[in-house]
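Peer 1: heads up, no residue letters with this:
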């Protein structure tokens, strides 16, 4: 490991410069006008893998954005680690809330500020640099494969077909993902559970055109008012989701499991100060740590309609829209929840409006066992570089494809994340600490060492 440390020390500036170049490319998978830049990003990743020493590097077309595949097979008798990550990023909106342009990365207070800095370009690129270090120092101890996709932020709609069609190519002993967070820089943790997702768009249509709110107001249903009333009815006074059947398959943790989960360090006052809120808010009977990990949610991600320009326009709008996401827990099914939501939302609409429910994408919750060889390897890796044993945690976010990995490939996934909850992923001013970037590059080779018994 001394050679690796020396290589990292001697190449830190280049590793950072390369990441900044990657962050300048606006690979926004959700917006078709960035298709060229997203394809450019895939080729950029492939070129870096070639330079790092990978073989069989391919930019594989899909019905959407391409998947980058690469491998280094040094012995058929050796274990194989499949590294998964994504090169696409969330839209940067609202742009006016960024302190600096989202695709012009800057370094401030030892952090890299840019869209994708943490989610997931910074964390994904750690693996390519760790692989380069091991290749250049002749210390790669196992086979490594890379599968880097460009559609994770839109639910990986084409990765499932790619995985099924290339199951033999992707055969491995464990999947390694760095797209999660840890508790703090001095309190490492390993994510062992992620929530699933059902993402839906709804539209409410009233009159056949926008109307004068004085002439028609009070006699014609206002789609915005009605949509707000419908959304408000989806939770009761205890924060419980009111859709019939929503909780039927929820896995309830026992008292010991809940106690263990709440041992994670959590400063309620500091949490509120950081977010500038007066108090936390959630389902009655559960702690904030439980709210964001083991309980399902329903949130409005966007709502619009009518006139939103400068000044006043007294209009009774024809249409109103909302985007709604539901985070799911074991053993909920995204298809089942989508169907339950659709039926219920249609049923509560008054006859004065018409409602359309359009599912966008979904994914299943996932729990990774803590008694596997891969988990023990992750623990040893973090112990080696942090000097303390990591804490197993569950996260509230989703990586929809990992459940499919296990179903199709029969492989467990290990989440070795180095981000922090404070990194503002999906938000303005997303950032990633230089400490975290370099610590990930330092730690990953320890995971790739011969797996512990």
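Peer 2: All right, it came through fine. All values reported here derive from a predicted model rather than from experimental measurement.

Peer 1: for the residue nearest to residue 117 when sequence neighbours are not counted, give me its contacts.
Peer 2: Nearest non-adjacent residue to residue 117, counting by Cβ to Cβ, 6 or more residues apart in numbering: residue 432, 4.0 Å away. Just so you know, the C-beta spots here come from the backbone N, C-alpha and C atoms, and that holds for glycine as well. By Cβ atoms under 8 Å, 6 or more residues apart in numbering, the residues touching residue 432 are 111, 112, 117, 118, 122, 123, 419, 423.

Peer 1: which helix or strand contains residue 432?
Peer 2: strand 431-433 (DSSP states H and E).

Peer 1: report the rounded mean pLDDT for the helix or strand just after that strand.
Peer 2: Going down the chain from strand 431-433, the next helix or strand is helix 434-448, by DSSP H and E. Taken as a whole, helix 434-448 has an average pLDDT of 97.

Peer 1: quick one: mean pLDDT over stretch 367-387.
Peer 2: 95.

Peer 1: excluding covalently adjacent residues, which one is nearest to residue 413?
Peer 2: Using Cβ to Cβ, 6+ apart, the closest residue to residue 413 is residue 175 (4.3 Å).

Peer 1: give the partner strands of the helix or strand where the one you found lies in its sheet and their orientations.
Peer 2: Residue 175 belongs to strand 174-177 when elements are defined using DSSP H and E. Partners of strand 174-177 in the sheet, by DSSP bridges, are strand 80-86 (parallel), strand 413-415 (parallel).

Peer 1: the protein: helices as residue ranges?
Peer 2: 2-23, 35-52, 121-136, 159-165, 223-232, 255-261, 268-275, 288-291, 334-347, 373-386, 402-409, 434-448 (DSSP state H).

Peer 1: ok, residues contacting stretch 56-69?
Peer 2: With Cβ under 8 Å, 6+ apart as the criterion, stretch 56-69 contacts 29, 35, 38-39, 42-43, 45-46, 49-50, 70-71, 87-88, 145-151, 157-159, 161-162, 166, 169.

Peer 1: wait, doesn't the residue nearest to residue 413 sit right on residue 408?
Peer 2: No. Counting by Cβ atoms under 8 Å, residue 175 does not reach residue 408; the two are 11.4 Å apart.

Peer 1: these two: who's more crowded?
Peer 2: Comparing residue 175 with residue 408 by other Cβ atoms under 10 Å, the one with more neighbours is residue 175, at 24 against 15.

Peer 1: bridging residues for the more buried one?
Peer 2: Going by DSSP bridges, residue 175 forms beta bridges with residue 82, residue 413.

Peer 1: how about it, what does it touch?
Peer 2: So residue 175 contacts 81, 82, 83, 84, 402, 405, 409, 411, 412, 413, 414 (Cβ under 8 Å, 6+ apart).

Peer 1: would you mind measuring from the fourth one to residue 237?
Peer 2: Going from residue 84 to residue 237 by Cβ to Cβ, to the nearest Å gives 42 Å.

Peer 1: ok, the two, which is more surrounded?
Peer 2: residue 84 (27 against 6).

Peer 1: these two touch, right, the more buried one and residue 176?
Peer 2: Yes. At 7.3 Å, residue 84 counts as touching residue 176 under the criterion of Cβ under 8 Å.

Peer 1: identify the contacts common to those two.
Peer 2: With Cβ under 8 Å, 6+ apart as the test, residue 84 and residue 176 both reach residue 413.

Peer 1: and the closest residue to residue 331 other than its chain neighbours, how close does it get to residue 347?
Peer 2: Nearest non-adjacent residue to residue 331, counting by Cβ to Cβ, 6+ apart: residue 249, 4.9 Å away. Shown here: residue 249 relative to residue 347, a distance of 21 Å by Cβ to Cβ.
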